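Undergrad: generate a structure from the sequence data that follows.
(chains A and B)
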Protein chains: 2
Amino acid sequence: MNPFLTKLGITLPIIQAPMAGTSTPAMAAAVSNAGGLGSVGVGAMTAEAARKTIGEIRKATNRAFNVNVFCHRPSLADPARESAWIEKLRPTFATYGAEPPATLREIYKSFVSDEAMFDVMMLERPAVVSFHFGLPSPAKIAALRSAGIILLASATNLEEAKIVAAAGIDAVVAQGYEAGGHRGMFDPAKPDECLGTTALTRILAQNLKIPVISAGGIMDGAGIAACLALGASAAQLGTAFVACPESDADVAYRAALLDRANVRTTLTTSISGRPARCIVNKFTTLADSVPVQEIAAYPMAYDAGKALNAAAKAKGEYAFGAQWAGQAAALARVMPAGLLVAELHAELERALANTRVN
Amino acid sequence: MNPFLTKLGITLPIIQAPMAGTSTPAMAAAVSNAGGLGSVGVGAMTAEAARKTIGEIRKATNRAFNVNVFCHRPSLADPARESAWIEKLRPTFATYGAEPPATLREIYKSFVSDEAMFDVMMLERPAVVSFHFGLPSPAKIAALRSAGIILLASATNLEEAKIVAAAGIDAVVAQGYEAGGHRGMFDPAKPDECLGTTALTRILAQNLKIPVISAGGIMDGAGIAACLALGASAAQLGTAFVACPESDADVAYRAALLDRANVRTTLTTSISGRPARCIVNKFTTLADSVPVQEIAAYPMAYDAGKALNAAAKAKGEYAFGAQWAGQAAALARVMPAGLLVAELHAELERALANTRVN
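TA: Here you go, the predicted model:
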């Protein structure tokens, strides 16, 4: 038996990615009940909302699940840069008969400075807590560990993964370039090697002693089998779950994802202020030629992005959404999350049984 | 038995990437003799040199091997753009006491217009011919096929792969973003989805009826096992062979590749005029901030790039080389090519035997 799965208390090497804004308690519970590890992302919630969310999952499953928090370096306000970004977006707001916000707020508190959220985790003690965009302080990591919580953290390269391992985190999520949503790099100002899932998984598996979880471009059992062959202990799938009925994705997001012949993704900084992989839409196209340094920092840009999406939606235009998706989006399926996990399991068994040298 | 391997006349699902300028007849023969498919890239050679190269391989093996040609759209001279690029590089040439070339030549003839090279293929009839950057005419494809030659072609997305399949090519090389060297996109002016090996392999395997060969970031048997799990019929490895004694890589290229703690790669257009993945060096850094449209077209830019490398080398500076490598470069090993194939085979068997659901 894979000791990492035993430690997590799950039977399948399948983790449903947290996907703040898209994952739901129902999705997480369905995945955990089916033998995988369900997750919710609470990085965009208040501590109180996170506590309620955890309670809802617990009503629907008594199995292990994962709660994901954002650990970005809290951003410094830069009124000049934010105003410039507001002005840049003003004509697009005007197209939809709206005004941009006068100022941009730090709409999400980083877990590194959110004491109330830390208290919720210590009180609720979900089986697993995962970190994105970096790590909290050594003291907080130690406290969460001594509360019996298993810790995971994302890394996009070996340097970050080594920091994760050295901090005493139980396993690292190797987030490949294919992955949808926000790239978890610790410092977005540093050059990004853009390591694909194949390369990153193998580099981390060869260099680390802690288990590696592969993420990025994995949509079916064959993809999971490939990660395991590369030495990963489990695979994390996000986009595969976006079209599940349990998802919070809106109709336009689902339609864009399921437009198999046309769905394409791109990395964009314009929606939130941090690089994230999104379905090519009017928002990603709008900012194609804008230098990153002209975009407000995360999460201030996200305040503008959400306002623009709301303004466009009010006029029936849904193509300004944060339609996060990975590069293999065209392989997405519509299936209840629990059934999808069962199907992934069956495909994984078949892929392993049918893969031969020659 | 994997029917594609039978068709190719090989026993292992391992193709050594052609790597024009780095592969050698000795490397190709060693790989084929060990049960894989050895390759040479003749895209940078005259027809006469290609014929000699094929003869050298035949002296060293009686097994199947692959000859790769470049099928880029022949470039139009653009003296203004070329002059501007020459001027841009002039200060760097001056650093090494040299003058840039006065004009840039089309140093490589595309296979699509190289009748002498086509005649060599028809005469020599290597078991396999592969195409990069596009395809030759339907008439040439038909002629090569009726000569009994198995044809392969690179694709970087589903659209290109569908063109490859529709043209009657026997198998498609799914060249992931991780891959070293030139990206095989048919039209470098089109937006690049930058599909990673995991995503691209699975998308092609799910959508095509012809066999898929995975390429990009694959350095060992675990990587090959992963490709097979994704539905590929074989894996193509280039960077894994660069440090073999049979390789034509110079001392500086080998040293950069084997500097495991520091080797990083980046996609650059500056060296040749087409996007290619190279070890981060003085040449890739020089052009980091240069807009692509200011760089001379392929292969004219390569004429300047080779001259700059020669000028720098003459002064003892080796960091302007076309040090092509994939994202998993840090996993490169120094081993004779035949032994490497045997080791890849052993690792592949182990990876398949040890990969379990839980």
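Undergrad: drop to CA atoms for contacts and neighbour counts, all remaining ones
TA: Noted.
Undergrad: what sits against A:Thr266?
TA: Residues in contact with A:Thr266 (C-alpha atoms under 8 Å, 6 or more residues apart in numbering or on different chains) are A:277-280, A:284, B:193.
Undergrad: what's the farthest-apart pair in these?
TA: Spanning the widest gap among the contacts of A:Thr266 are A:Thr284 and B:Glu193, at 13.3 Å by C-alpha to C-alpha.
Undergrad: pull the helix or strand with minimum mean pLDDT from chain A.
TA: Across the helices and strands of chain A, mean pLDDT, DSSP states H and E gives its lowest value to helix A:282-286, namely a mean of 93.
Undergrad: which parts of that helix are buried?
TA: Buried residues in helix A:282-286, defined by neighbour count with 16 or more other C-alpha atoms under 10 Å in any protein chain shown: A:283-284.
Undergrad: what number of residues lie near A:Gln323?
TA: Around A:Gln323 there are 28 other residues, counting by other C-alpha atoms under 10 Å in any protein chain shown.
Undergrad: how about the contacts made by it?
TA: A:253, A:278-279.
Undergrad: A:Glu82 is in contact with A:Leu104, isn't it?
TA: Yes: shown here, A:Glu82 and A:Leu104 form a contact pair, counting by C-alpha atoms under 8 Å, at 6.6 Å.
Undergrad: which neighbours do the two have in common?
TA: With C-alpha under 8 Å, 6+ apart, A:Glu82 and A:Leu104 have common neighbours A:300-301.
Undergrad: please work out which residue of the stretch 51-200 of chain A is closest to chain B.
TA: Using C-alpha to the nearest C-alpha, the closest approach of the stretch 51-200 of chain A to chain B is made by A:Ala199 at 4.7 Å.
Undergrad: is that residue part of a helix or strand, or is it coil?
TA: helix (DSSP: H, G, I helix; E, B strand; the rest coil).
Undergrad: what's around it, how many residues?
TA: Neighbours around A:Ala199, by other C-alpha under 10 Å: 31.
Undergrad: equivalent analysis for the one 10 residues further on, please.
TA: Neighbour count for A:Lys209, taken as other C-alpha under 10 Å: 12.
Undergrad: now do the contacts for it.
TA: A:Ala165.
Undergrad: residues contacting A:Ile295?
TA: A:Ile295 is in contact with A:81-82, A:85, A:269-270, A:273, A:301, counting by C-alpha under 8 Å, 6+ apart.
Undergrad: got the phi/psi numbers for it?
TA: phi -90, psi 140 (degrees, to the nearest 10).
Undergrad: go on, A:Ala235?
TA: Dihedral pair for A:Ala235: phi -120, psi 140, per degrees, to the nearest 10.
Undergrad: buried ones in the next helix or strand after the least confident helix or strand of chain A?
TA: Using DSSP states H and E, the next helix or strand after helix A:282-286 towards the C-terminus is helix A:300-314. Buried positions in helix A:300-314, judged by neighbour count with 16+ other C-alpha under 10 Å: A:300-313.
Undergrad: what of stretch A:150-167?
TA: Going by 16+ other C-alpha under 10 Å, stretch A:150-167 has these buried residues: A:150-158, A:160-162, A:164-165.
Undergrad: how near is A:Tyr66 to B:Ala49?
TA: Not Tyr; residue A:66 is Asn. 60 Å (C-alpha to C-alpha, to the nearest Å).
Undergrad: I misspoke; the intended subject was A:Arg51.
TA: According to C-alpha to C-alpha, A:Arg51 and B:Ala49 sit 71 Å apart.
Undergrad: between these two, which has more neighbouring residues?
TA: A:Arg51 (18 against 13).
Undergrad: got the contact list for A:Thr6?
TA: Contacts of A:Thr6 (C-alpha under 8 Å, 6+ apart): none.
Undergrad: how is it assigned, secondary-structure-wise?
TA: Quick answer, by three-state DSSP: A:Thr6 is helix.
Undergrad: per-residue pLDDT, it?
TA: A:Thr6 carries a pLDDT value of 96.
Undergrad: same check, this time on A:Val42
TA: Confidence score, pLDDT, at A:Val42: 98.
Undergrad: ok, now which ones touch it?
TA: Counting by C-alpha under 8 Å, 6+ apart, A:Val42 has contacts A:20, A:50, A:67-69.
Undergrad: ok, A:Ala98 next?
TA: Counted by C-alpha under 8 Å, 6+ apart, A:Ala98 has contacts A:Ala311.
Undergrad: check A:Leu158 too.
TA: Per C-alpha under 8 Å, 6+ apart, neighbours of A:Leu158: A:200, A:203-204, A:207.
Undergrad: mind listing which of these are in helices?
TA: A:200, A:203-204, A:207 (DSSP state H).
Undergrad: and the closest residue to chain B within the stretch 151-300 of chain A, what pLDDT?
TA: Relative to chain B, the nearest point of the stretch 151-300 of chain A is A:Ala226 (3.9 Å; C-alpha to the nearest C-alpha). At A:Ala226, the model reports a pLDDT of 98.
Undergrad: quick one, the helix or strand containing it and helix B:197-207 angle?
TA: Applying DSSP H and E as the criterion places A:Ala226 in helix A:221-229. Between helix A:221-229 and helix B:197-207, the angle comes out at 150 degrees (axes from the mean of the first three to the mean of the last three C-alpha atoms, to 10 degrees).
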